[in-house]
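[1] mind folding the following:
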Amino acid sequence: MAKVTMSGALIREAHSADLQAILELFAQPGVDDGKHLSLADAKKIFEKIKEYPDYKIYVAVLNARVVGTFGLLIMDNLSHLGSPSGLVEAVVVDLALQGHGIGKEMMGFAMERCREQGCYKLALSGNLKREAAHRFYDSLGFQQHGYSFWVELKEDEDQLLALR
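    The predicted structure is shown next:
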């Protein structure tokens, strides 16, 4: 399903041909700071993502150019009386177009997909350093809820010993 937004952007499911543009968005300052996967590695991961039942990568296209992207996973739950939930990941808009409503439209699109699937919530987590992103999500009605925790899962002998 695709949608043309008020900004004129088309939000649609990503295709393999979009991957180079998506990687360039991730390489922007404040996202992955100039680093990104190789195109070959990205293609392998993209094909694997397509195997997930309800995990899709979307792009916002303006004037035939990919200017934004995000991932949306809709997952089934045994809790909440079986209502599914949505998880947004890796939201990014071209720096030159931030503030023009494209990010807002992408999140509106994600919320629509989740409502259509009967999700009881749409969640995301943001890097503590990205304060402008926090203000953006606040402006869309997202509320801070609980805490987000993460652990780096590298081969760390001390970490493994502590878990035994």
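[2] distance of Val67 relative to Gly101?
    11 Å (Cβ to Cβ, to the nearest Å). All C-beta spots, glycine's among them, are computed from the backbone N, C-alpha and C.
[3] name the strands paired with the lengthiest strand in the chain and say parallel or antiparallel.
    The longest strand of the chain (DSSP state E) is strand 65-75. Strand 65-75 sits in its sheet next to strand 55-62 (antiparallel), strand 85-93 (antiparallel), going by DSSP bridges.
[4] and Leu62, how many neighbours?
    17 (other Cβ atoms under 10 Å).
[5] in contact with the nearest residue to it once chain neighbours are set aside, which residues?
    Spatial nearest neighbour of Leu62, excluding adjacent residues (Cβ to Cβ, 6 or more residues apart in numbering): Ala9 at 4.5 Å. Residues near Ala9 by Cβ atoms under 8 Å, 6 or more residues apart in numbering: Ala60, Val61, Leu62, Val67, Gly68, Ile102, Glu105.
[6] on that earlier part again, more neighbours: which of Val67 and Gly101?
    Neighbour count, other Cβ under 10 Å: between Val67 and Gly101, Val67 has more, with 22 against 16.
[7] which residues touch the closest residue to the more buried one other than its chain neighbours?
    Using Cβ to Cβ, 6+ apart and skipping the chain neighbours, the partner closest in space to Val67 is Asp94 (4.5 Å). Residues counted as contacts of Asp94 (Cβ under 8 Å, 6+ apart) are Leu25, Gln28, Val67, Gly68.
[8] swap in Glu47?
    Taking Cβ under 8 Å, 6+ apart as the test, what Glu47 contacts is Ser16.
[9] returning to what we had before: can you lay out the strands paired with strand 65-75 as JSON lines showing distance to Leu153?
    Shown next, in JSON lines, are the strands paired with strand 65-75 (distance: least, Cβ to Cβ, whole Å):
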{"stretch": "strand 55-62", "distance to Leu153": "20"}
{"stretch": "strand 85-93", "distance to Leu153": "17"}
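[10] out of the ones you listed, flag the one nearest Ser148.
    Across the strands paired with strand 65-75, Ser148 has its closest neighbour in strand 85-93 (11.4 Å, Cβ to Cβ).
[11] in the chain, what spans have low per-residue confidence?
    5-6, 155-164 (pLDDT under 70).
[12] in it, which spans are strands?
    Counting by DSSP E, the strands of the chain are 3-4, 10-13, 55-62, 65-75, 85-93, 122-123.
[13] fine by me, thanks again.
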